[in-house]
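Colleague: no sequence on this one, just coordinates:
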């Protein structure tokens, strides 16, 4: 019997009794029950974790809720936005522990009042991940943020870069070994054919978490029709050779923005309407 | 006048952006010249163009009129031909006298109050609101203002107006002082031969920095701005200013910042001599740093955790990627999704930009649930076909007067579910915007699902995808 499966069985029999004081320094809990219970109580510090999925799969939304959980717990998080794709409004409340859509099973233990962590974003401009200069600057920035020992988590948005070369992996791992940070590689799988361009054998991640939209989706109705669409998220966690599947349901509110003008009236004639 | 009008008068006109350091430098040079006219000279706080000089004891030296003529002649030689001078018992009265239309104005001895009494209240150093109130009360002259009781002025207009009252009565404690010679810190080293690469001279620069830091430490100063000059046979080929994120007297830190700055932009030519100057200094901070492990760490985990490490990280990032690379998200006073927030640089310039939204008020009275967004929206990149606005123009096919399919990246995606539009309009004073925003779940022919923000722009009459929810 493998150690991991034995541990899992013991965990099921005696939940919460196996987290020693040292684990709190070695692992980072995400607050998502599905991940924390499956992947050995969270993501490992001083290790590279991969957070992958198609370009639209809910992975960044889940990651944002985890970042909010970490900030609420007093941890500092840095995000390397390689192609400057993030919108500031989506992340404005994250450092206060607030996020829009959050997983239904998220553990909110309240955190320490008035002792929130900091959230910063490093935005790179240029021609995207295809531009070698941008890639070089991004890898340099990741190494600097890890080596500074200021941030507990560094999130690196690889966009569509399929894998890290051995040399870059070694440099990042060396920087991680000398710090207390965890590095999360956020990667979009190729849009046309998921899995294309990736070589799983070259993925040096300690933990790999993958997501995609499930076939079911929930919707919230407003006065005139649906105002929100919330697909479910399916995922898997791969760690130490074990793979576990999971399903996560999102919960959110409808954003309260001003409706400054009604739908433009349809001024077409009846003939034009009929033709359309 | 406008720049175009000025250029029409003088074709050789040169335009320069406002540079405070240049103004300060010009002020210092003029101050050095004015010492020849009076032993006590100081520059007025808050203005580069006003100077206070001691005009006492001139009875046997030609009188005050001679002093004014000499001052104006000296200042005109420097190129400032529109200068004027005023002499009075108090600094405030002298400043007001200098504002008169005459080239110089002498206020009789003991006559400051009478001189100021007949002047309009616009000369008083009070806020605009107080000035308007005085006007509305029928108080047009400073003499009418000084006729009021001081405690009435204080109770009605505040401490600022009371200070103005004292100035109007000729009571001004400001006095010019003996100027202190500014010490310069610079080192020059001749390398003895041409050097191409900066890294070959790193040990020389280290010794220069060590020496300058030692001199700074004797005066309890820190370096705020450095300048390094490269010479080739007595010809200055390049000079680089390097501004520090925060003043420092740590030689290792200064060397690191210097090295990063020069490595990011290597020297194009070979050089034979180096000059290192500390262009600006600041007094050493005497603030007691918090001891690690106390409550301060929990209150400000980023601030108290090794300030040097954070400063060095910010300096590295600023030098290599720019001041605006490392940012924080803050709210802005707009309701369009892409404009409702902005990225505020962590390395803020002096003053910084105030937050447009009182987040605490919103959180307390409205609750955050109405403001936080639903899912993370990511802008499309150029590889997706996005234009410079970060949006991807698409074609939409209607089915039963509702969007049924969308052509995105060369593929037709079926719209599985779509919300009612969120209709937004505004920014009429800049460029009018009218948009209907839909959240649509679309499916590719390969079965892949995307949740996108589909927008119809009523001004352009075109559809585009604003971003992809992830």
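Modeller: On my side now, so go ahead. Bear in mind the structure is a predicted one, so any value in this text is a computation, not a measurement.
Colleague: Just the strands from the stretch 101-250 of chain A, written as ranges.
Modeller: Counting by DSSP state E, counting those that start in this stretch, the stretch 101-250 of chain A has strands at residues A:102-103, A:119-123, A:153-159, A:182-188, A:207-221, A:226-239, A:242-248, A:250-251.
Colleague: Pull up the pairing partners for the first one, direction included.
Modeller: If I follow you right, that is strand A:102-103. Partner strands and pairing direction for strand A:102-103 (DSSP bridges) are strand A:250-251 (antiparallel).
Colleague: Out of the strands of the stretch 101-250 of chain A, flag the one nearest residue B:156.
Modeller: Closest to residue B:156 of the strands of the stretch 101-250 of chain A is strand A:119-123 (Cβ to Cβ; 47.7 Å). For every residue, glycine as well, the C-beta is placed using N, CA and C.
Colleague: give me the number of residues near residue 188?
Modeller: If you meant another chain, say so; for now it's chain A. Residues lying near residue A:188 (other Cβ atoms under 10 Å in any protein chain shown) number 24.
Colleague: you looked at the wrong chain, it should be chain B
Modeller: 12.
Colleague: In contact with it, which residues?
Modeller: Contacts for residue B:188 (Cβ atoms under 8 Å, 6 or more residues apart in numbering or on different chains) come out as B:273-276.
Colleague: any low-confidence regions in the stretch 201-350 of chain B?
Modeller: Per-residue confidence for the stretch 201-350 of chain B (pLDDT under 70) gives these ranges: B:285-308, B:348-350.
Colleague: How about it, which of its residues are in the neighbourhood of chain A?
Modeller: When proximity is defined as Cβ under 8 Å from any Cβ of the partner chain, the stretch 201-350 of chain B approaches chain A at B:298-299, B:301-302, B:305-306, B:309-310, B:312-313, B:316-317, B:320-321, B:324-332, B:335, B:337-338, B:340-343, B:346.
Colleague: Now with 7 Å, please.
Modeller: Contact residues, the stretch 201-350 of chain B versus chain A (Cβ under 7 Å from any Cβ of the partner chain): B:298-299, B:301-302, B:305, B:309-310, B:313, B:316-317, B:321, B:325-331, B:335, B:337-338, B:340-343, B:346.
Colleague: Packing partners of the helix or strand hosting residue A:67?
Modeller: Element membership for residue A:67 (DSSP states H and E) is helix A:59-72. Judged by 3 or more Cβ pairs under 7 Å, 6 or more residues apart in numbering or on different chains; DSSP states H and E, helix A:59-72 is in contact with strand A:48-53, strand A:77-81, strand A:102-103, strand A:182-188.
Colleague: Show the average pLDDT along it.
Modeller: Taken as a whole, helix A:59-72 carries a mean pLDDT of 91.
Colleague: now stretch A:219-232
Modeller: Stretch A:219-232 comes out at a mean pLDDT of 82.
Colleague: Quick one: end-to-end distance for that stretch.
Modeller: 11 Å (Cα to Cα, to the nearest Å).
Colleague: what's the answer for stretch B:117-134, then?
Modeller: Length of stretch B:117-134, first residue to last, Cα to Cα: 15 Å.
Colleague: With stretch B:255-273 instead?
Modeller: 18 Å.
Colleague: try stretch A:169-186
Modeller: Its first and final residues considered, stretch A:169-186 spans 15 Å by Cα to Cα.
Colleague: Next: stretch B:123-140.
Modeller: With Cα to Cα as the measure, stretch B:123-140 spans 11 Å from end to end.
Colleague: In the stretch 351-470 of chain B, where is pLDDT below threshold?
Modeller: B:351-373, B:382-384.
Colleague: quick one: residue A:245 and residue A:236 touch, right?
Modeller: Yes - at 5.1 Å, residue A:245 counts as touching residue A:236 under the criterion of Cβ atoms under 7 Å.
Colleague: picking that back up, save the strands of the stretch 101-250 of chain A as TSV, and put in distance to residue B:126 too.
Modeller: As requested, the strands of the stretch 101-250 of chain A are exported to TSV (distance: least, Cβ to Cβ, whole Å):
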stretch	distance to residue B:126
strand A:102-103	53
strand A:119-123	43
strand A:153-159	53
strand A:182-188	57
strand A:207-221	57
strand A:226-239	54
strand A:242-248	63
strand A:250-251	57
